[in-house]
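In: any chance you could fold what I've pasted below:
(4 chains)
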There are 4 protein chains.
Amino acid sequence: MSSTFGTIFRVTTFGESHGGAVGAVVDGCPPRLALTEADIQPQLDRRRPGQSALTTPRGELDTVRILSGTEQGLTLGTPIALVVANRDTKPGDYADMADVPRPSHADFTYQMKYGVRAASGGGRSSARETIGRVAAGAIAEKWLRLKAGVEIVAWVSGVGAVEAPDLAARGLTRADVDANAVRCPDTAAAKKMEAEILAARDAKDSIGGIITCVCRGVPPGWGEPVFHKLEAVLAQAMLSLPATKGFEIGSGFAGTRMRGSVHNDPFVQKAGRLGTKTNFSGGVQGGISNGEPLVFRVAFKPPATISQPQQTADFNGQPVTLEAKGRHDPCVVPRAVPIVEAMAALVLADAALQQQARG
Amino acid sequence: MSSTFGTIFRVTTFGESHGGAVGAVVDGCPPRLALTEADIQPQLDRRRPGQSALTTPRGELDTVRILSGTEQGLTLGTPIALVVANRDTKPGDYADMADVPRPSHADFTYQMKYGVRAASGGGRSSARETIGRVAAGAIAEKWLRLKAGVEIVAWVSGVGAVEAPDLAARGLTRADVDANAVRCPDTAAAKKMEAEILAARDAKDSIGGIITCVCRGVPPGWGEPVFHKLEAVLAQAMLSLPATKGFEIGSGFAGTRMRGSVHNDPFVQKAGRLGTKTNFSGGVQGGISNGEPLVFRVAFKPPATISQPQQTADFNGQPVTLEAKGRHDPCVVPRAVPIVEAMAALVLADAALQQQARG
Amino acid sequence: MSSTFGTIFRVTTFGESHGGAVGAVVDGCPPRLALTEADIQPQLDRRRPGQSALTTPRGELDTVRILSGTEQGLTLGTPIALVVANRDTKPGDYADMADVPRPSHADFTYQMKYGVRAASGGGRSSARETIGRVAAGAIAEKWLRLKAGVEIVAWVSGVGAVEAPDLAARGLTRADVDANAVRCPDTAAAKKMEAEILAARDAKDSIGGIITCVCRGVPPGWGEPVFHKLEAVLAQAMLSLPATKGFEIGSGFAGTRMRGSVHNDPFVQKAGRLGTKTNFSGGVQGGISNGEPLVFRVAFKPPATISQPQQTADFNGQPVTLEAKGRHDPCVVPRAVPIVEAMAALVLADAALQQQARG
Amino acid sequence: MSSTFGTIFRVTTFGESHGGAVGAVVDGCPPRLALTEADIQPQLDRRRPGQSALTTPRGELDTVRILSGTEQGLTLGTPIALVVANRDTKPGDYADMADVPRPSHADFTYQMKYGVRAASGGGRSSARETIGRVAAGAIAEKWLRLKAGVEIVAWVSGVGAVEAPDLAARGLTRADVDANAVRCPDTAAAKKMEAEILAARDAKDSIGGIITCVCRGVPPGWGEPVFHKLEAVLAQAMLSLPATKGFEIGSGFAGTRMRGSVHNDPFVQKAGRLGTKTNFSGGVQGGISNGEPLVFRVAFKPPATISQPQQTADFNGQPVTLEAKGRHDPCVVPRAVPIVEAMAALVLADAALQQQARG
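Out: Alright, predicted model coming up:
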């Protein structure tokens, strides 16, 4: 089950960072959806390396090709195979590291689990694996937008010590988010974040960050208790992304310090529907969407691969000083924004179809 | 898929809070495991209401019965059906609330999703649903302990504004945890937490909290990238619990403020294995266990049902003042400790068997 | 995955022949379906032993109890737990057989697979396991009937050398089928079948048979290519039943001897829909229902447990003469009729809901 | 779930007959298996059209490419993406048929199910879809051979009225099978079958056939009762193939006419293991392999697309005479031999890994 996600709208990803290609197969996408590569490429471009001084200069074009599942620009309801070739592979960069597992990277655990690992670039644990997710997510997102009017917008809300103000209620668009390279729509915070990232980079170091995501227009009734509650599947989706360490929805960890009388979201009549006055629940109650915007946050650790020397041990336990080569982002969150959106779209499309099956 | 969890070690739960029974069917449990009700009852007793002044006085004995899957005290490798009868049901307590969805409870969303809902007690969204999980988890846990030497211990690390010091490295036992009613092994913090809970109760209010869980003895290699990474499935498991709003592993959200040079866990030779000097990763790298203890935290919101009057609206959007009856915990975390342990055990047993299938 | 069947309408069965109970949990049943035990009991009664001289005299009442998932006679959309107690257990009957695997029974393979097996009565390989399927199938069937007007009728079409004429197009009802004890609606054939069964019984022997099943009213569009084609899932469902050795749909094996010009089903306009003139396809094309009746046949071998002495070997390979005790049917097909119907209903309800999810 | 098969060793296929490519993603293949395209191509070549006068002249090379999941000729334990480009597409051949659903083909049902269908060549219902299965099956088969010594050999045992003698116990090899174009190892029967096929072709007609498959070396213990019994999953696998109408294992439908005293397979000591004297069970008891060879048969109907005129109706119900163009096999069984072997391999590899997970 490791590389397949979803019950009805299902995506199976494949590909290592330095093999022939990466991609995905989307099964269960509804038929008769207008779909070409042009619907998918924009989110891949937002995820692509080399967009700004804040990201790795690895020069991939990441051009997607649809191999199956559509005809004359419409989905057939059959599996949609999506392929992106790997081009700018430099396996040589990793030759020194064959005997030394990089600290906090997956070299050691892959070796222990599989008894073998991709000799270069992290293989399947590379962020490049997320290309298939982003491509698949773009399809899910288009369907959600056309079918249910759902809008998904994520942005960078924290980098290192810099935290943006709460923007969840602002009705942000992707254009707002992309207004700066760091993808934080609060200009003042964005500048500080950029400085934080550049400082880390200049120190041959890396820095963590937080992404906030809002999904608007989700109708009441999505999410499948008890084990596939909407927040549970969102949490799985987000924690399945490389470098993530935490997930919270609505009040999250801050909510643990609150009393029920404050935290409870009272019902109020809204235009055409019963809504809630506050949204500490983050758009879910009992694992099911309640019609309010979904609001969740994802914690990303600082990237493990840094250029400064590190004292560590090789596979034999011998102390060694490791100096990593390769091209890496000092902070993943600006490029992770479309990835978070993609996973949210995959979760929601699947939840929508499951609810539609309710009978 | 909603009430089934796991790929090989699979549990399916059933039961509403006020129906005939609650329980679970465990499929895929390895054969030849010594198992009787006595292996399961202790964790149910820790979860049971009425244990102390901190919990609801609802008087359930919650005695489990094994209906299948064992013979002469050994598992057969076939489905194990576990049933706990509901006895102390008082549907009348809920009669007033038929027309008014309780704020931040699941009444509204169940009604919107299913077009019907249990008239009393929250039905499937009740904490009583977790009985099946705890019973199933006790089986998983026994297998993990005997087969792999895994130990799982959770405790209350936060209640409201009170936070316990970091106890993850202390080698705590369940006896340590159960030394006080609040289930926080730090005595000073426990006293403050107890006061916090009692204050909330006396104010007809409720309060949130945090549970920390440590899993020791997990060998390297468990967890199935990319969508069933160990932390992803743990996150799903925990966020599928009632009242949870957040999950973090290792450094979690605090890690977003750190630099990679600090956050990275350097490898060092340990007794008989390659380990890491620090454990900001929380025991996982690339979604796979690395041999260090798993350490994660789960955020629980304040219980939605409080006894003080609340201004809200009924299903028709008419303003109404709601005064809840029924018997409810002012804070769920003391009783949620065995539930978190159970879900962790279910995740780990399934991951262990999947790794064993690797071939 | 062994004891769970279905993707959306899912059933998990449990229980050994001689443990505390057998039963099932149905997850994914649509909400707001009127449902009480009275909807389920009739099919259990048709499956029950002791109905006639043709079946085992084991005296079980097989009374079903619904433990969850309904309230005030309506399904809630939550898991429905169904339990039937085992009462008339006589483990002593099987004591002699502990060291000798019964020929063509599952004693040997269960022991090899699990390293342990139920000491008595076949455990999970007993026909008693099908009780959970029949109970769950009765729910599926009710939903199919109310929601889509689907009618499922199976009957005995062959016993030993006796074969009934083709009755698939006759519009048979269950009353027609139950008009005689052998459940073959062709009276002449039924008499010969009954004689065949009684002759086998009197010879301390057993005899095989065939069940034909027709599902009327299935609309076009059910079935999920390519691996969950309707006939593929029906085949799995039927071959998962004890004692089955074959499955064919439409022309089946006879179709292999035909030419395409004869076998093809030409389209013709029928009342309100496009139909086919003939139905060699058996109601499916490309794995999807085409609106014509589904027609399939299931082969059942003669029961393995016979009362006459058999030359065989014990677990150590030592030659031994085995004389079985216990109470067994000389022919399973009369009682298997409701079981085949139940599995067909489970397949169709799941296919219907999957198609409904298509979006 | 429609295009994914398997629980641990999982294959997801994609591709229409006339799109960019067909292929598969294999997830869960054990790591460290030596694997290159050369392991896969031979079975694709056996499946390829244009091999003899008996098959369609469509000139595809069907060259497979591995896009991921291996490095330096070893599997990594990660998803293996397999792609075969479509080259010789002639959509024009199908232009006339846009308004007329071909009798006994999937045009009508796809249109009813999805509301759209591939305008040419049958799309996903084309035999070309099986390329992904064959490629994936070749990997499964290699692992089974190296890991467990399993050998899988299928052959044509019936074409039209011609039936080959029972060859299941002869220890046939693929070389034996490939000794003639019809792939029946009995020379006399093969000649008659060839004549039958050519006669059908010359009459612009088609003819059905039967494939028998034997799997030798399967150890006792594979298969997952109750819903994933080995024969149940084999039945699903085979009935998921285009043009199949029946499946039987061991005695199959003939077994329904036998008495238990004859049908039962007595145990006897064999070299190093407990075996059975006869094999009416076909290698399974209670859904679990017993160490004897698996023997099963699959019924294939005559291909639906024939070149002679057919009286049928268009989508509007108007009578019409259809004359099909396109290139089609008059009989599918010679080319279906490697496809049946592939599906058997996928079933067995998955069953083996599930048993290995037993704990």
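
In: so what's the nearest residue to A:Q285 once chain neighbours are set aside up against?
Out: Nearest non-adjacent residue to A:Q285, counting by Cβ to Cβ, 6 or more residues apart in numbering or on different chains: B:T109, 4.7 Å away. Every C-beta, even on glycine, is put in place using the N, C-alpha and C of the backbone. The contact partners of B:T109, by Cβ atoms under 8 Å, 6 or more residues apart in numbering or on different chains, come to A:220-221, A:223, A:284-290.

In: try it again with 10 Å
Out: With contact set as Cβ atoms under 10 Å, 6 or more residues apart in numbering or on different chains, B:T109 has these partners: A:220-223, A:225, A:230, A:281, A:284-291, B:101, B:117, B:125.

In: find the nearest non-adjacent residue to the residue in the stretch 151-300 of chain A positioned nearest to chain C, please.
Out: As assessed by Cβ to the nearest Cβ, chain C sits closest to A:P225 within the stretch 151-300 of chain A, at 7.9 Å. Leaving aside its sequence neighbours, A:P225 sits nearest to A:G287 (Cβ to Cβ, 6+ apart; 4.4 Å).

In: confirm that the residue nearest to A:Q285 sits in a helix.
Out: Yes - secondary structure of B:T109 (DSSP: H, G, I helix; E, B strand; the rest coil): part of a helix.

In: what's the separation between it and B:T321?
Out: From B:T109 over to B:T321 the distance is 22 Å, taken as Cβ to Cβ, to the nearest Å.

In: same thing with A:V83?
Out: For A:V83 relative to B:T321 (Cβ to Cβ), the value is 60 Å.

In: before we move on, the earlier item: quick check: pLDDT value at the residue of the stretch 151-300 of chain A closest to chain C.
Out: What the model reports for A:P225 is a pLDDT of 97.

In: quick check: buried residues in stretch A:77-85?
Out: A:77-85 (16 or more other Cβ atoms under 10 Å in any protein chain shown).

In: burial count for A:T36?
Out: Neighbourhood size, A:T36 [other Cβ atoms under 10 Å in any protein chain shown]: 12.

In: look up how far A:R65 lies from it.
Out: For A:T36, the distance to A:R65 - Cβ to Cβ - is 11 Å.

In: next one: A:F247
Out: Distance from A:F247 to A:R65, by Cβ to Cβ: 33 Å.

In: just to revisit the earlier point, closest to chain C among the buried residues of stretch A:77-85?
Out: Closest to chain C, out of all of those and judged by Cβ to the nearest Cβ, is A:G77, at 6.9 Å.

In: find the helix or strand that that closest one is a member of.
Out: Counting by DSSP states H and E, no helix or strand carries A:G77.

In: is the closest residue in space to it that isn't next to it in sequence in a helix, a strand, or coil?
Out: Nearest non-adjacent residue to A:G77, counting by Cβ to Cβ, 6+ apart: A:P31, 3.2 Å away. Three-state call for A:P31 (three-state DSSP): coil.

In: contacting residues for A:P31?
Out: A:P31 neighbours (Cβ under 10 Å, 6+ apart): A:69-70, A:74-78, C:358-359, D:110, D:113-117.

In: once you drop chain neighbours, what's closest to A:S261?
Out: A:S261 sits nearest to B:D205 (Cβ to Cβ, 6+ apart), 4.9 Å away.

In: mind checking how far that neighbour is from B:P101?
Out: 20 Å.

In: where does pLDDT dip in chain A?
Out: A:1, A:56-60, A:88-97, A:120-121, A:326-327 (pLDDT under 70).

In: not counting its neighbours along the chain, what's nearest the residue of it most remote from its centre?
Out: Distance from the centre of chain A peaks at A:Q318, with 36.0 Å (Cα atoms, centre = their mean). In this structure, A:Q318 finds its nearest non-sequential neighbour in B:Q269, 7.8 Å apart by Cβ to Cβ, 6+ apart.

In: can you list the strands that the helix or strand harbouring the one you found pairs with?
Out: Using DSSP H and E, B:Q269 sits within strand B:267-270. Strand B:267-270 has its sheet partners listed here by DSSP bridges as strand B:273-276 (antiparallel).

In: starting at the chain centroid, how far to the strand it pairs with?
Out: 30 Å (Cα atoms, centre = their mean, to the nearest Å).

In: other residues contacting it?
Out: A:101, A:103-104, A:108, A:111-112, A:312-317, B:219-220, B:264-270, B:283, B:285, B:290-292.

In: after that strand, which helix or strand is next?
Out: strand B:284-285.

In: so which bits of chain A are right by chain C?
Out: Applying Cβ under 10 Å from any Cβ of the partner chain, one finds that chain A approaches chain C through A:7-9, A:27-33, A:77-79, A:143, A:147, A:224-226, A:349-350, A:352-359.

In: 6 Å - rerun?
Out: A:8, A:30, A:353, A:356-359 (Cβ under 6 Å from any Cβ of the partner chain).

In: tell me which strands and helices the helix ranked longest in chain A is in contact with?
Out: Secondary structure of chain A per DSSP state H: the longest helix is helix A:333-356. Packing partners of helix A:333-356 (3 or more Cβ pairs under 6 Å, 6 or more residues apart in numbering or on different chains; DSSP states H and E): helix A:41-47, helix A:130-148, strand A:151-159, strand A:209-216, helix A:230-239.

In: which parts of the stretch 1-150 of chain A sit against chain D?
Out: Near chain D, when you scan the stretch 1-150 of chain A using Cβ under 6 Å from any Cβ, you find A:3, A:12, A:14-16, A:19-21, A:25, A:27, A:31-32, A:67-68, A:71, A:74, A:76-79, A:81, A:114-116, A:118, A:124.

In: buried only: go through those for me.
Out: By 16+ other Cβ under 10 Å, these give A:3, A:12, A:14-16, A:19-21, A:25, A:27, A:31, A:67-68, A:71, A:74, A:76-79, A:81, A:114, A:116, A:118, A:124 as buried.

In: in strands, which of the residues you listed appear?
Out: Residues of those located in strands (DSSP state E): A:12, A:14, A:21, A:25, A:27, A:71, A:74, A:81.

In: buried sites along the helix or strand where A:I197 lies?
Out: Following DSSP H and E, one finds A:I197 within helix A:187-202. By neighbour count with 16+ other Cβ under 10 Å, helix A:187-202 contains the buried residues A:189-190, A:192-194, A:196-197, A:200-201.
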